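Enquirer: Quick check, what structure comes out for this input:
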Amino acid sequence: MSSSRHDHPLPPARVEEVSEGIYAYLQPDGSWWINNTGFLVGRRGVISVDSCSTERRTLAYREAIRSVTDRPITTLVNTHHHGDHTFGNSAFPEATIVGHERTREMIIADGIPDYLKLAWTEVDWGNLEIHPPFLTYTDGVTVHSDELRCEVRHIGVPAHTTNDSIVWIPERSLLFSGDLVFNGGTPFVMMGSVTGAIAALDELRALGAETIVPGHGGVCGPEVIDHVQGYLRFVLATAERGRQAGLSPLETARETDLGEYAGLLDPERIVGNLHRAYAELDGLPPGGRIDLVTAMLEMIDYNGGKPLTCLA
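Expert: Residues are numbered from 1 along each chain as shown. Sure, this is the predicted structure:
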């Protein structure tokens, strides 16, 4: 089973103004390591939401900001620790990097992981240096773009990871969701929690956002929350059936018809998600440690023994 759903070069990244002075930077096609970022332009400077996975992509993102404004980039908010949102932090030496305290801890602990060369097809990562947040919070922090209030909130439970945050701009009903929301890609909770992610999405729905900039995929509305949550409930129900039948997560994945979710990018994530769901059904607390190496190797097995497709 292929993890790539395209047979042509990816279209270029683009800047989309989602509200006055607020921009999404969208990187097609949103599959492995190809994330979205965004930025707010104020009179005194620019606030960026996340960086990118490779040096090349992050420098292109900086150029995209420069195509809109020549004001300095003063602040960089990380929504979680994963490298597609943080490896490019070092390209913003002038910015105050802001993130949850656990985001800082995980970036330092993980460094540049060895599995980058083992699990995915070859990528030109460039010159990567770890630059964790040096301004951290426990529950949240508010940043301001001129008079516009931007609430950076830790979601409160393990979900996509153990340290997910959102950037909520209530005056504009605009949400930067990080990887709590995938639009067109398979949601991924192997390093977080299935049940926690379902609960987190209830919290996002309650905000009443009209516009969502997801971590991957196109700008969307709140209806995408229902689709992501539906997939996670499907994962949990699939895990319950497989576990009852005495099947392993990989065996369960191979016997599962993905149905309405079969067209999502990176379908092999079902294996990692099932590893997490099985662990929770066995009593592991949300976010508890599981064998990530085995889960990654079994995603490769599900992918026909081939490295997972990454076009970053």
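
Enquirer: CA atoms for contacts and neighbours, from now on please.
Expert: Fine.

Enquirer: so the spatially most central residue of the chain is in which element?
Expert: The chain has Asp179 as the residue nearest its centroid, 2.8 Å off, counting by CA atoms, centre = their mean. Element membership of Asp179 [criterion: DSSP states H and E] is strand 174-182.

Enquirer: next one: Phe39
Expert: Using DSSP H and E, Phe39 falls in strand 37-41.

Enquirer: Show me what the mean pLDDT comes to for that strand.
Expert: Regarding strand 37-41, the rounded mean pLDDT is 98.

Enquirer: Stretch 96-107 now?
Expert: Rounded mean pLDDT across stretch 96-107 is 98.

Enquirer: Quote the end-to-end distance of that stretch.
Expert: 16 Å (CA to CA, to the nearest Å).

Enquirer: Ok, stretch 146-166 next?
Expert: 20 Å.

Enquirer: Can you tell me, leaving aside adjacent residues, what's nearest to the residue nearest to the centre of the chain?
Expert: Gly215 (4.4 Å; CA to CA, 6 or more residues apart in numbering).

Enquirer: Break down this protein into its helices, ranges please.
Expert: Shown for the chain, the helices assigned by DSSP state H span residues 55-66, 83-86, 101-110, 116-119, 194-207, 223-244, 249-254, 269-281, 292-302.

Enquirer: Just send these back as JSON lines, with distance to Ile155 and mean neighbour count too.
Expert: Below are the helices of the chain laid out as JSON lines (distance: least, CA to CA, whole Å; neighbours: other CA atoms under 10 Å):
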{"stretch": "helix 55-66", "distance to Ile155": "26", "mean neighbour count": "18"}
{"stretch": "helix 83-86", "distance to Ile155": "17", "mean neighbour count": "25"}
{"stretch": "helix 101-110", "distance to Ile155": "12", "mean neighbour count": "17"}
{"stretch": "helix 116-119", "distance to Ile155": "27", "mean neighbour count": "14"}
{"stretch": "helix 194-207", "distance to Ile155": "7", "mean neighbour count": "19"}
{"stretch": "helix 223-244", "distance to Ile155": "15", "mean neighbour count": "18"}
{"stretch": "helix 249-254", "distance to Ile155": "27", "mean neighbour count": "20"}
{"stretch": "helix 269-281", "distance to Ile155": "19", "mean neighbour count": "25"}
{"stretch": "helix 292-302", "distance to Ile155": "23", "mean neighbour count": "19"}
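
Enquirer: Just give me the lowest mean pLDDT stretch among these.
Expert: Among the helices of the chain, helix 116-119 has the lowest mean pLDDT, at a mean of 84.

Enquirer: List the contacts of the residue nearest to Asp179.
Expert: Applying CA atoms under 8 Å, 6 or more residues apart in numbering to Gly215 gives the contacts Asn35, Asn36, Thr37, Phe176, Ser177, Gly178, Asp179, Leu180, Val181, Phe182.

Enquirer: rewinding a little: list the neighbouring strands of the strand holding Phe39 plus their orientation.
Expert: Based on DSSP bridges, the pairing partners of strand 37-41 within the sheet are strand 22-26 (antiparallel), strand 46-49 (antiparallel).

Enquirer: still on that earlier bit, which stretch among the helices of the chain comes nearest Leu76?
Expert: Counting by CA to CA, Leu76 lies closest to helix 83-86 out of the helices of the chain; the figure is 9.8 Å.

Enquirer: what does that closest one contact?
Expert: 33-35, 37, 50-54, 78-80, 131-132.

Enquirer: who's in contact with the closest residue to Ile155 other than its chain neighbours?
Expert: Spatial nearest neighbour of Ile155, excluding adjacent residues (CA to CA, 6+ apart): Ser165 at 5.4 Å. When contacts are counted by CA under 8 Å, 6+ apart, Ser165 touches Asn78, Thr79, His80, His100, Val152, Arg153, His154, Ile155, Ser177, Gly178.

Enquirer: Go again with 7 Å.
Expert: Thr79, His80, Val152, Arg153, His154, Ile155 (CA atoms under 7 Å, 6 or more residues apart in numbering).

Enquirer: my read: Pro267 touches Thr186, true?
Expert: Yes - using CA atoms under 7 Å as the test, Pro267 is close enough to Thr186 to be in contact (6.1 Å).

Enquirer: Ala13 against Pro28, yeah?
Expert: Yes - shown here, Ala13 and Pro28 form a contact pair, counting by CA under 7 Å, at 6.2 Å.

Enquirer: Out of the helices of the chain, flag the one nearest Glu171.
Expert: helix 194-207 (11.6 Å).
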